[in-house]
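# Please work out how this folds:
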Amino acid sequence: MGITKQVIEKITDRAELGYKKYGQTMDRKDLNYIDWLEHLQEELMDAIQYIQAAINKEMEERCSITENIEAGSAQSAGQESHQKSQNTAILSATDLILMEEAVEVQLEPIKQQKEAS
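Reported below is the predicted structural model:
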């Protein structure tokens, strides 16, 4: 379904819900201009709250990802320090692959949660 059709369907569903809930359509004559503006203001304040909630959720997810990556880096730094003490200054290709896989394993639940929401 195209975006425009999705929007039209949502508007139609919303109008039906409003009619069931309030018993009238948006073709009202009982509201003056200020009343309409106040209704709009209330809806926009709700929208701002939805935006802030989405921003908070995204920031939490990004912080979690960053923390997981930093934890992986700290672990890598510890391994590297140990290897240096054994006069092995360069991580092998196998170690790098394992670290990359470890980060992917840590990120997978976060990716799945984001896809599900």
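# Which residues are in contact with residue 40?
By CB atoms under 8 Å, 6 or more residues apart in numbering, no residues touch residue 40. Every C-beta, even on glycine, is put in place using the N, C-alpha and C of the backbone.
# could you measure it against residue 26, distance?
Separation of residue 40 from residue 26 (CB to CB, to the nearest Å): 12 Å.
# Any idea how many residues pack against residue 58?
Residues lying near residue 58 (other CB atoms under 10 Å) number 11.
# tell me which element it is part of?
In this structure, residue 58 sits in helix 33-85 according to DSSP states H and E.
# average pLDDT for that helix?
On average, the pLDDT along helix 33-85 is 82.
# need the contact list for residue 25.
15, 18-19.
# how would you label it: helix, strand or coil?
The three-state label given to residue 25 by DSSP: H, G, I helix; E, B strand; the rest coil is coil.
# where does residue 1 land on pLDDT?
84.
# do residue 94 as well
56.
# hmm, back to that, tabulate the contacts of residue 25 (TSV), appending distance to residue 9.
TSV is the format used below for these (distance: CB to CB, whole Å):
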residue	distance to residue 9
15	11
18	15
19	16
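# Report the buried members of these.
Neighbour-count burial (16 or more other CB atoms under 10 Å) applied to the contacts of residue 25 gives no buried members.
# what about stretch 24-31, start to end distance?
12 Å (CA to CA, to the nearest Å).
# returning to that earlier point: nearest to residue 70 among the contacts of residue 25?
Closest approach to residue 70 among the contacts of residue 25 (CB to CB): residue 18, at 47.9 Å.
# so what are the domain limits for this protein?
Domain ranges of the chain: 1-30, 31-116, per automatic domain parsing.
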